[in-house]
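S.K.: Pasting a predicted model and its sequence here:
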Amino acid sequence: MKTESLFLIGIGVFFAAIAAIYWFISYEDGGGMMLLGSCLLGFLPGFYYFYWHRRFHGHKYFYWGKLDRVAGDRPEDHPDATMEDGAGVINSFPGSSIWPFTLGMGAFLLVLSLVFGTWFLPLGVSLMLFALIGVTAESRRGGHV
Amino acid sequence: MTDVIDPPVIVAPGAPSVPVVHEHEEHHGPEEHGPSGILKWLTTTDHKIIGLSYMITSIVIFYLAGVMALLIRVQLATPASSFVSFQQYNELFTMHGSLMMYLFAGPFAFGGLANYIVPLQVGAPDMAFPRLNALSYWLYLGGSITMLLGFFVAGGAADFGWVAYAPLSSATSSPGAGADAWIMALALTGFSAIFTGVNLVATIFYLRAPGMTMWRMPIFTWNMLVTGILILIAFPVLTAALVMLFADRHFGTHIYTVVGCHTTAFAGHPSVPDPNACGSAVLWQNLFWFFGHPEVYILALPYFGIVTEILPVFSRKPVFGYKGMVFATMSIAALSTGVWAHHMFTTGVVLLPFFSLLSLLIAVPTGIKFFNWIGTMWRGQLRFTTPMLFCIGFLLGFLMGGVTGVMLAAPPIDFFTHTTYFVVAHFHQVLFATAVFAGFAGLYYWYPKMFGRMLRDNLGKWHFWIMFVGFWLCYMPQYILGLKGMPRRVAVYPSNLGWQMYNDLSTVGAFLIGISFAILLWNLWISWRRPVPAGNNPWDGHTLEWFTTSPPPHHNYTHLPPIRSERPTWDYNHPDALVISHGRQPGENGHSNGSSRNGHSNGSGRNGHGGAPGSPAGVGIPTGAAAEGEVAPT
Amino acid sequence: MFASVSAVDSPSGSSPTRRGTLGSGRATPRRASRRWVALGAVAAGLLLGGCQLPTFGAYKGVTTQGQDSFKLWQGFFITGAVVFAIVFFLIIWSVFRYRHKSDEIPKQTQYHTLFEIIYTVVPIITVLVMFVFIFVTENEVDALNAQSVTVNVTAFQWGWQFQYPGYDVRVLGVELQDPTMVIPAHETTKIVLRSADVVHGFYVPEFNFSRYALPGVTNQFDLSPVTTGTFRGQCTNLCGLYHSLMIFQVKVVTPSKFQAWIHQQQNAPNTSDSIAAAKRQIAQGNLK
């Protein structure tokens, strides 16, 4: 988690610097806002990962003391991990599902209604609602169609 | 695991508590109970099928856009041609650019290849959010159809260039429904790209195999991670800008329009002239290029990654300067978000030195990449298969495009080359080198993994050489045209300026490229009709995807080799040819059982040897419980 | 059908420039940059070794600003060519020298810290040196000096209007009529560039210069031609259907001929339309 968090925090730091330089030279609103947004895009997940990194290593929240480097690493962060270390459930993956297609086509019809006429609109919206209900029910059941 | 797991929980390959799937049983995975036929493609959440769908769609788009390019070149072959009308010409280059930029180059890389390859390269069973992944594809397909539908509406397709500068894209100047179709198509594909970006980042952060630390990820995966972040930075800006453009066109806002500003007319209240309601045309350019320049690197970085995968494999060396490569990728991506206004130097309202310096600085990490690529080939044993040739073509083409790019970073030079054919030649060379040379290098390279069959090498070489000649013949004359002052996006040009000869050369080059892509179709057809089996590891590959079968089974891996460096499959096949490097020796505790690996150390293991355990071509590798020993050494 | 004519027009007055909010890089007239100019000239002279170099395909520049850009182009072309040659040679060398010869696995080298530092530091230095030249040249090109003539250029779909505020002269032409902007040689003309509708580009290849005509923005720049002649100009930014036909001419004449032309124009009968009328004509298809 450490590399991931530093990677994202690095993005935040870079954009903070660039945004400051750009803003104080140009005072241009559009670019300044976008750079600030990009800075947050780095910091928000970056500190979230950092928080979990600290938690994994037995530290409560942001504790800046000495780290125990090995104990809390996930297997994928551990250079000497074997496949056994990763044993167990990785994730729950859904099987086949018709709902992404339904939702995608609903969105497609929705934008067609904005281009070609509103008579696509009820069709698109109902498909999207249908898909949202369907995908929620599917998730509750455990992933199968 | 011979029974269907319900709910389909994925268990780590090699987990001692779970028997691994044997080769003859692998069809009994969860997929068995899914639908088949066309319904299988509609309902799939498998990253491989979604990746293939992406690739097929984007290549179809690529051919369509290529035909449009040929029509444009026919029009320009003679000075005052009436092959197409002015209106049709404007539609053609707009749609050529839009299809290539938004619907081919990006989706082919981060929707197609990355979708297919990244989970394999990090040893994951699938993308992190499989249903979101499927939704991405369907949104992309819907967006593509929406954009192409523009050709069939009254007024024709969008005709304001792929950059859609306001106020030319306003309702006054481009009233047709084709423009709305263009906007909505990009909104859909924009969401699709954002979802894919989220998916890629989550997959890479959360689903790596044990031992696959961040600093052991293949460069392609690294580049896709950085691309994913760039997508998250850039695409929301585009979507927001498009929503505002749509509001300008239909809801009476004046965000980008300046002329004829009125307050919005509400029911019963007529609109009145109001200078404060005026927007800013430059705002569109700022927003668009804040998306647009990172977009250029969203299109380039995946292809850099492909080249960085292919060059080491065919040089039989590790990638030179792995960490430098990763930092170079990060620097390129970071700098690319601070250079958007170098597309706006001639507006006269941007901060020239800031954008000029940052643009120039991008040359540094790009140069590092170049030298690393050369260092990878240096003292190697280069095998010039088709993918390798395409990579060499990429290196040369991108070098030319990159050098002219540095020239364009100088505002005084940009002043007289901007929006001329000089810029056209520059960005076509850059994008053609990346998306086409490197992209199709990736296709030739990973096609055996995707379909378990080879593309013909001799046909591939014809494809390469004809395209290579066509590439230089098509774009080099355009530099000269630009310097002579031929603006881009003109349907006709004066006959007395000596421009015709260069345009004709360019047209010939374009048709050579067209011919070369006919050869690719023929190659695909032949490989489909008369397959040549590829085996699991036809290229003696380095990364994890070459460890599994071709095509990989559902959820990708039944076994994984120990991951002790960024090229686990190579370490597994060549235990005595590990990286000479500082720091940790990779694989130092990985190969305890030391079974014979069929003389890979003398390099004879080119075709299909050393693949996944249980594969037909795998040699001396036990299955079942014995294979546990492979992946879980004591 | 109406001809490309010129006429007396009541000038709306050259309103004070409204610059973009970003203008600090090039915003103000830079008389203070003389020192930089001199330094740049010396440095450029050293770089170019006497300026007896080929043009590398570009125009030499009719204006002093264009000539500055041209010198930068020469420098960049040479730098680019050297970089291209080095990298090209290295690629081709690797390709031919290290082609597959035996099945030996080559030495698995992955890092060489010294080389990596060298090819990081050297490009950074190169780029910074290039930036100094860019900075000097762009300030020269964008400098606004004391001008003798001002021309208000207005681009519209699809034509140009050149208005001489000091003289009450206006030239307007659309599409294929190629309106001509007359400016004096050996003097500095200030161009005040606006757009009446969409984004256009004012581009004169032989001046080595272009600038967008943006709606809502007034752009100003100087042209200081050093030779006489007629030069082709064209709109470079896509502006709709007849973008390809939005051509104009720039005629550089001696100052005395310029004055004569002005007098002739002032005495000519007023037959010109306004921009709005011209656009109405175009919309009605009266031009084809």
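M.R.: Ah, there it is. Residues are numbered from 1 along each chain as shown, chains lettered A, B, ... in the order given.
S.K.: show me what contacts residue B:551?
M.R.: B:48, B:449, B:450, B:451, B:452 (C-beta atoms under 8 Å, 6 or more residues apart in numbering or on different chains). In this view, the C-beta of every residue, glycine as well, is placed from N, C-alpha and C.
S.K.: quick one, helices of the stretch 251-400 of chain B?
M.R.: Along the stretch 251-400 of chain B, the segments classed as helices by DSSP state H, counting those that start in this stretch run B:281-315, B:322-336, B:352-377, B:386-408.
S.K.: ranking those helices by burial, who's on top?
M.R.: helix B:281-315 (a mean of 26; mean count of other C-beta atoms under 10 Å in any protein chain shown).
S.K.: Which element, helix or strand, includes the residue in the stretch 101-250 of chain C that chain A sits nearest to?
M.R.: When scored by C-beta to the nearest C-beta, the stretch 101-250 of chain C has residue C:217 as its residue closest to chain A, at 13.4 Å. Using DSSP states H and E, residue C:217 sits within no helix or strand.
S.K.: how near is it to residue C:194?
M.R.: As judged by C-beta to C-beta, to the nearest Å, residue C:217 and residue C:194 stand 8 Å apart.
S.K.: Then residue B:472?
M.R.: Using C-beta to C-beta, residue B:472 is found at 41 Å from residue C:194.
S.K.: sorry, back to before: let's have the helices of the stretch 251-400 of chain B in JSON lines, adding mean pLDDT.
M.R.: JSON lines is the format used below for the helices of the stretch 251-400 of chain B (pLDDT from 0 to 100):
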{"stretch": "helix B:281-315", "mean pLDDT": "93"}
{"stretch": "helix B:322-336", "mean pLDDT": "93"}
{"stretch": "helix B:352-377", "mean pLDDT": "93"}
{"stretch": "helix B:386-408", "mean pLDDT": "94"}
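S.K.: mind listing what the residue nearest the centre of chain A touches?
M.R.: Closest to where the C-alpha atoms of chain A average out (C-alpha atoms, centre = their mean) is residue A:45, at 8.0 Å. With contact taken as C-beta under 8 Å, 6+ apart, residue A:45 is in contact with residue A:8.
S.K.: And for residue B:488?
M.R.: B:419, B:420, B:421, B:423, B:424, C:236, C:238.
S.K.: Could you list which of these belong to helices?
M.R.: Using DSSP state H, the subset of those located in helices is B:421, B:423, B:424.
S.K.: top of the residues you listed by neighbour count?
M.R.: When neighbours are taken as other C-beta atoms under 10 Å in any protein chain shown, the top entry among the ones in helices among the contacts of residue B:488 is residue B:421 (29 neighbours).
S.K.: The closest residue to residue C:79 other than its chain neighbours: how many residues sit nearby?
M.R.: In space, and not counting its chain neighbours, residue C:79 is closest to residue C:130: 6.7 Å by C-beta to C-beta, 6 or more residues apart in numbering or on different chains. Using other C-beta under 10 Å, residue C:130 is surrounded by 23 other residues.
S.K.: likewise the one 10 residues further on?
M.R.: The local packing of residue C:140 (other C-beta under 10 Å) involves 23 other residues.
S.K.: Residue B:461 now?
M.R.: The tally of other residues near residue B:461 (other C-beta under 10 Å) stands at 16.
S.K.: need the residues of the stretch 151-288 of chain C near chain B, please.
M.R.: C:157, C:196-199, C:201, C:203, C:205-212, C:214-217, C:219, C:221, C:232, C:234-245, C:247 (C-beta under 8 Å from any C-beta of the partner chain).
S.K.: Please narrow those residues to those residing in strands.
M.R.: In this view, those that belong to strands under DSSP state E are C:201, C:203, C:209, C:210, C:211, C:212, C:219, C:221, C:232, C:234, C:235, C:247.
S.K.: Who wins on neighbours among these?
M.R.: Ranked by neighbour count (other C-beta under 10 Å), these have residue C:235 at the top, with 30 neighbours.
S.K.: So what sits opposite it in the bridge?
M.R.: Per DSSP bridges, the residues bridged to residue C:235 are residue C:202.
S.K.: Correct me if wrong: it contacts residue B:487.
M.R.: Yes - Residue C:235 is in contact with residue B:487 according to C-beta atoms under 8 Å; the separation is 7.2 Å.
S.K.: circling back: neighbour-wise, which of residue B:472 and residue C:194 wins?
M.R.: residue C:194 (20 against 16).
S.K.: Run me through the strand neighbours of the helix or strand where that one lies, direction for each.
M.R.: Assigned by DSSP H and E, residue C:194 belongs to strand C:189-195. If you go by DSSP bridges, strand C:189-195 pairs up with strand C:149-156 (parallel), strand C:219-223 (antiparallel).
S.K.: Who are the contact partners of the residue in chain A positioned nearest to chain B?
M.R.: Closest residue of chain A to chain B, C-beta to the nearest C-beta: residue A:104 (2.4 Å). Residue A:104 makes contacts with B:134, B:135, B:137, B:138, B:139, B:141, B:142, as judged by C-beta under 8 Å, 6+ apart.
S.K.: And the chain, what are its domain boundaries?
M.R.: This is for chain A. Taking automatic domain parsing as the reference, chain A has its domains at A:2-78, A:99-141.
S.K.: sorry, should have said chain B
M.R.: Split by automatic domain parsing, chain B gives B:1-41+B:538-634, B:47-529.
S.K.: and of the ones you listed, who's closest to residue A:81?
M.R.: Ranking these by proximity to residue A:81 (C-beta to C-beta) places domain B:47-529 first, at 3.9 Å.
S.K.: how long is that closest one end to end?
M.R.: End-to-end distance of domain B:47-529 (C-alpha to C-alpha, to the nearest Å): 26 Å.
S.K.: tilt between the strand holding residue C:194 and strand C:209-213?
M.R.: On the basis of axes from the mean of the first three to the mean of the last three C-alpha atoms, to 10 degrees, strand C:189-195 is oriented at 40 degrees to strand C:209-213.
S.K.: How about the contacts made by residue B:428?
M.R.: By C-beta under 8 Å, 6+ apart, the contact list for residue B:428 reads B:401, B:474, B:475, B:478.
S.K.: what inclination does whichever helix or strand it is part of have with respect to helix B:386-408?
M.R.: Assigned by DSSP H and E, residue B:428 belongs to helix B:421-431. Per the same axes, to 10 degrees, the angle that helix B:421-431 makes with helix B:386-408 is 150 degrees.
S.K.: residue ranges with poor pLDDT in chain A?
M.R.: Residues of chain A that meet the criterion pLDDT under 70 lie in A:58-72, A:88-91, A:141-145.
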